[in-house]
Structures are given as structure tokens and as C-alpha cells.
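[1] coordinates for the following, if possible.
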Amino acid sequence: MDTKYTPPTDPLVILHEDAHVILVDKPAGLLSVPGKGPDLADCLITRLQSIFPEALLVHRLDRDTSGVMIFAMTPYAQRHLGLQFEKRMTRKTYVARVWGVPAVKTGEVDLPLIVDWPNRPLQKVCHDTGKPAQTAYRVLKD
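    Alright, predicted model coming up:
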């Protein structure tokens, strides 16, 4: 696996902005927040804060995950949005490309996950210390 960080250089795509929030399209390959070390400093929040210095982090997406991220423009908005994520009031939908064809077209995975530290950012199933994680899935295309 190539570990050299080479983030995309495309301009930011702002999907929505108002006095409370900014929604940004995060490309795959870009960190949400800075990593450890100067070679991992380039990230979405740093790029966003160069335009909107008051932008505050609400949640993260993994480096190789693309999708919409929401940033708060005030501490009040950050607190309330953060609570919505914490209480699992926010619905998240992911589209994944997988190798092979799943045996069934729909299903649910309900297993506790924890960071696999030697292989982070990968996760692993751990019934002792993992956090609850439920994923409902359906095959969109064979």
C-alpha cells in the first residue's frame, strides 16, 4: 500500500454557505484534518479556513472517502451539530465499490468496531472494546 500523501489539488467545492454552516464536497485522497507531521498538514479544514477563518470542525471523513462535510460557522452551531452526530440523529449514506458479487442483495451488519492501530485508519471487529456499528446495505448494481 502506497503511504505517500499526495492530496488532490482541485479547488474547493462549496455546496452551501450561510451564517451558521458551510457544506463542502470533500474529495477522496484529502485528509479532513491535519495528520501528524508537516507532510500531512494539507487538509480540508486548513483549505477551508484560508477562505473562512471562523470555520469549525463538526465531523470527519476518512482520507480515501469522498463526500459532503458540514462545518460550523459559530461555536453554537458546532455544539448543536456535534450533538446531532453524537446522538446519531444524522443519517449517513455511503456508496462503496466492492470486489466480487455479494451472496445476497440486501442485508445488515451489526458488529462492534474499533481502530486497528497497527493498520490505521482501518477498523476491526472487537466484541470487548468496539463501539456499536450498524450498517444496512443493498446492492445497487451487479
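
[2] right, and the helix or strand after the top helix by length along the chain?
    With DSSP state H setting the assignment, residue counts place helix 75-86 as the longest helix in the chain. Counting by DSSP states H and E, the next helix or strand C-terminal to helix 75-86 is strand 106-110.

[3] how far out from the middle of the chain is that following strand?
    Relative to its parent chain, strand 106-110 has a centroid offset of 21 Å by Cα atoms, centre = their mean, to the nearest Å.

[4] tell me what the very next helix or strand once past it is packed against?
    Later in the chain than strand 106-110, the nearest helix or strand by DSSP H and E is strand 113-115. If you count contacts as 3 or more Cβ pairs under 8 Å, 6 or more residues apart in numbering; DSSP states H and E, strand 113-115 packs onto strand 123-125. (C-beta placed from N, C-alpha, C; glycine too.)

[5] got the domain boundaries for the protein?
    Here the domain assignment for the chain is 13-86, 106-138, based on automatic domain parsing.

[6] which residue of the protein sits farthest from its center?
    residue 103 (27.7 Å; Cα atoms, centre = their mean).

[7] distance of it from residue 109?
    Separation of residue 103 from residue 109 (Cβ to Cβ, to the nearest Å): 13 Å.
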